[in-house]
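A.B. asks: need the 3D shape of this:
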Amino acid sequence: MFEHFSLQRIAANGITINARVSDDRGKPPLLLLHGHPQTHVIWHKVEPTLSQHFSIVAADLRGYGDSDKPVSDAALNHAPYSKREMAKDMVALMQSLGFARFKVLAHDRGARVTHRMLVDHADCVERATLLDIAPTLAMYEQTTMEFARAYWHWFFLIQREPLPETMIAADPEFFIEKMMGNRHAGLSAFTAEALAEYRRCIRLQGIAHSICEDYRAAATIDLEHDRADRDAGRKVTQPLQVLWGANGVIGKCFDPIAEWKRVAVNVRGETVACGHYIPEEAPEALLAAALPFLNAR
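C.D. replies: The predicted model follows:
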């Protein structure tokens, strides 16, 4: 995986971010961001083609993979894992590599970070493709029984420390395999090499706590930031593409295009014939949908 890339640990926003950086720096920059409970490895099936068009930076979010896992708790209002802080990480990462402006392709939690980056750093992000999410505020405010059953982990991971951390740490591989394996494609979508990496990372010191803090922030301080945007009429102004799995939960429980049009002024999107893990379940379909958009000027 990731031939013609260097593995780097880069100081950004007061922490260290783990990232794979393309050796070819002469093409337009594209930042790749993963979701829960994975790492930058999710992009391994699409990076060979993406690398033909872009200088790729595939990063581990703070709290995930081999990136730093800062201390955080309720006394800090979970702010170290706010999407605002995580967005600052990625802007600082890209700037440290010499990329003042860039495009983003992001899945799940990384897509939520990208939503905040699009608003807070509009001068840095040219356009973005977000995979299999609706806006966080819409998802919480429109929670139904169907959604809560499917996304039970949203409500488990936000429980008061140390309940979820202790349960995850008791058998981390069981957690990650059930978390990923109970979705549409089961574990069949993941190569042995990728799955081994996810298993390695879920056992890292502090990762159970940082994952929980990511979700706790999403249910508290992130909603404050999103409501402030709504009240002020702040929207995403850059071109935005949203793709979601036809066999996933997002399209069944929400109207993704309508919800993104509430927070962005230039939105397009469509379904992809797969479940939640689009980059690994349907890499060719993802490339067919995303490349024309990301290549546009």
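
A.B. asks: check contacts around the residue nearest to Ala285 when sequence neighbours are not counted.
C.D. replies: Distances taken as C-beta to C-beta, 6 or more residues apart in numbering place Val272 nearest to Ala285, at 5.0 Å, with adjacent residues excluded. (C-beta placed from N, C-alpha, C; glycine too.) When contacts are counted by C-beta atoms under 8 Å, 6 or more residues apart in numbering, Val272 is found next to Leu243, Trp244, Gly245, Ala246, Ile278, Ala282, Ala285, Leu286, Ala289.

A.B. asks: give me the contacts around the helix or strand of the chain with the lowest mean pLDDT.
C.D. replies: Every helix and strand of the chain was ranked by mean pLDDT, DSSP states H and E. The lowest is helix 172-181, at a mean of 94. The contact list for helix 172-181, computed with C-beta under 8 Å, 6+ apart, reads 36-38, 153, 167-168, 187, 190, 198-199, 202-203, 208, 277.

A.B. asks: any idea which helix or strand comes after it?
C.D. replies: helix 192-202 (DSSP states H and E).

A.B. asks: can you name the next helix or strand after that next one?
C.D. replies: Downstream of helix 192-202, the next assigned helix or strand under DSSP H and E is helix 207-218.

A.B. asks: buried stuff in that next one?
C.D. replies: By 16 or more other C-beta atoms under 10 Å, the buried positions in helix 207-218 come out as Ile207, Ala208, His209, Ser210, Ile211, Cys212, Glu213, Asp214, Tyr215, Arg216, Ala217, Ala218.

A.B. asks: and those, which is closest to Ala128?
C.D. replies: Nearest to Ala128 among these is Ala218, at 18.4 Å by C-beta to C-beta.

A.B. asks: which one is the closest one nearest to, not counting chain neighbours?
C.D. replies: Computed as C-beta to C-beta, 6+ apart, the closest residue to Ala218 that is not its neighbour in sequence is Thr136, at 5.6 Å.

A.B. asks: ok, now Leu195?
C.D. replies: Leu187 (6.8 Å).

A.B. asks: and the gap between the one you found and Val113?
C.D. replies: Using C-beta to C-beta, to the nearest Å, Leu187 is found at 26 Å from Val113.

A.B. asks: and for the residue nearest to Leu195, the neighbour number?
C.D. replies: 14 (other C-beta atoms under 10 Å).

A.B. asks: Val236 contacts Val263, correct?
C.D. replies: Yes - taking contacts as C-beta atoms under 8 Å, Val236 lies within contact range of Val263: 6.1 Å.

A.B. asks: phi, psi of the residue nearest to Ala285?
C.D. replies: phi -120, psi 140 (degrees, to the nearest 10).

A.B. asks: make a markdown table out of the buried residues of helix 207-218 and add pLDDT and distance to Arg25.
C.D. replies: Shown next, in a markdown table, are those (pLDDT from 0 to 100; distance: C-beta to C-beta, whole Å):
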| residue | pLDDT | distance to Arg25 |
| --- | --- | --- |
| Ile207 | 97 | 31 |
| Ala208 | 97 | 36 |
| His209 | 97 | 35 |
| Ser210 | 98 | 30 |
| Ile211 | 97 | 32 |
| Cys212 | 98 | 36 |
| Glu213 | 98 | 33 |
| Asp214 | 98 | 30 |
| Tyr215 | 98 | 35 |
| Arg216 | 98 | 37 |
| Ala217 | 98 | 33 |
| Ala218 | 98 | 34 |
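
A.B. asks: please consider this matter closed, and thank you.
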